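*Asks:* just to be clear, the model below is a prediction. Sequence and coordinates:
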Amino acid sequence: MTLQNKTALITGSTSGIGLGIARKLASKGASIVLNGFGDAKEIEAIRIAIENDYKVKAFYLPADLSSEHGVDVLFERTQGFCDGFDIIVNNAGIQHVSPIENFPAEKWQLIQDLMLSAPFHIIKRALPYMRKKSWGRIINIASVHGKVASVNKSAYVAAKHGLIGLSKVVALETAQENITCNSICPGWVLTPLVEKQVDLRAGKDGLSWDDAKNALLAEKQPSGEFAKPEEIGAIVSFLCSDDAAQITGSELTIDGGWTAQ
């Protein structure tokens, strides 16, 4: 499989799952547009490494996607190096944990804006180009929390449930146009943010790192192992292939058995 002559936008791709996806798509020959926040020098090093390692073009667009204006800015900044996106991976996300009665309204709105409204606006902007080319792949990184709930995560769970619903509607509206839209629902994934959670748990409870990891996973993930960003990237890569042309409107769960319970 090759994705040469394809351009992929991956939001939230300066670290973690998004970066794993970007690297995997680059390994298949796609030009990469990175988006996210972080240290400018580190991001530039990531961009250069993708170009050098995979011999593809890689660009970085730091647009804030928590507003429709930010999405407009992102698309405007693509002019000059690509006409549009063949592959969209909506991955950017944030989290806030609180009981509903104490949940700040501004946090609720920010989570909906970034994790549900931004994918809507991005897909809306991307579809005309995909239709013109009669080819497109849209992958929304949802979560097990798009299928089941956890306490104190009302905004995140609501946004991820909505993202799966949005994916299904897009799949139906593009079903005969060689454009697919699917959701991926990871459980615990070993990212820098999750590593910090394990570190904090180890320090708080006086545990070794491995014991803290096992305690965290035992709460939800029966496999007892984290998924890895590159594994999520491999599923995204498959969904972009011709072999996956009839997979649309689906949720692919990578959760070590979490939602089988």
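*Replies:* Good, I have the coordinates. What you see is a predicted model, and the numbers here were worked out from it, not measured in a lab. Numbers count the residues shown, from 1 in each chain.
*Asks:* in this protein, which helix is the longest?
*Replies:* helix 154-173 (DSSP state H).
*Asks:* ok, and what's touching that one?
*Replies:* Applying Cβ atoms under 8 Å, 6 or more residues apart in numbering, the external contacts of helix 154-173 come out as 90, 93, 95-96, 100, 103, 107-108, 111-112, 115-116, 119-120, 123, 138, 140, 142-143, 145-147, 149-150, 180-183, 185, 248-251. All C-beta atoms are positioned from the backbone trio N, CA, C, and that covers glycine.
*Asks:* three-state assignment of A234?
*Replies:* Under DSSP: H, G, I helix; E, B strand; the rest coil, the three-state class of A234 is helix.
*Asks:* please pull out the lowest mean pLDDT helix or strand from the chain.
*Replies:* Here the helix or strand of the chain ranked lowest by mean pLDDT, DSSP states H and E is helix 192-205, holding a mean of 93.
*Asks:* show me what counts as buried in the helix or strand encompassing A45.
*Replies:* For A45, the host element (DSSP states H and E) is helix 40-54. The neighbour-count check on helix 40-54 (16 or more other Cβ atoms under 10 Å) flags I43, I46, R47, I50, E51, Y54 as buried.
*Asks:* partner strands of the next helix-or-strand element following it, parallel or antiparallel?
*Replies:* Next helix or strand after helix 40-54 toward the C-terminus (DSSP H and E): strand 58-61. Sheet pairing of strand 58-61 (DSSP bridges) gives strand 31-35 (parallel).
*Asks:* got the angle for the partner strand vs helix 40-54?
*Replies:* Going by axes from the mean of the first three to the mean of the last three Cα atoms, to 10 degrees, strand 31-35 is angled at 160 degrees with respect to helix 40-54.
*Asks:* list of residues touching strand 31-35?
*Replies:* Residues contacting strand 31-35 (Cβ under 8 Å, 6+ apart): 6-14, 19, 22, 25-26, 43, 46-47, 50, 56-63, 65, 74, 78, 82, 85, 92.
*Asks:* could I get the helix or strand containing V73 in CSV with only the CA atoms?
*Replies:* Element membership for V73 (DSSP H and E) is helix 68-77. Extracted in CSV, the C-alpha atoms of helix 68-77 (Å, rounded to 0.1, in the frame of the first residue of the first chain):
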residue,chain,number,x,y,z
GLU,A,68,-14.5,28.0,13.7
HIS,A,69,-12.2,30.9,13.1
GLY,A,70,-9.3,28.8,14.1
VAL,A,71,-10.3,26.1,11.6
ASP,A,72,-10.6,28.7,8.9
VAL,A,73,-7.1,29.9,9.7
LEU,A,74,-5.7,26.4,9.4
PHE,A,75,-7.2,25.9,6.0
GLU,A,76,-6.0,29.4,4.8
ARG,A,77,-2.5,28.5,5.9
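*Asks:* pull up the pairing partners for the helix or strand just after it, direction included.
*Replies:* Counting by DSSP H and E, the element after helix 68-77 in chain order, helix or strand, is strand 87-90. Its sheet considered, strand 87-90 pairs with strand 7-10 (parallel), strand 136-141 (parallel) by DSSP bridges.
*Asks:* got the buried residues for the first one?
*Replies:* It refers to strand 7-10. Applying 16+ other Cβ under 10 Å to strand 7-10 flags T7, A8, L9, I10 as buried.
*Asks:* my guess is the third one contacts D86, does it?
*Replies:* No. In this structure, L9 is not within contact of D86 by Cβ atoms under 8 Å, at 9.2 Å.
*Asks:* okay, now the domains of the protein?
*Replies:* What the record gives for the chain is the domain set 7-189+228-260, 190-226, from automatic domain parsing.
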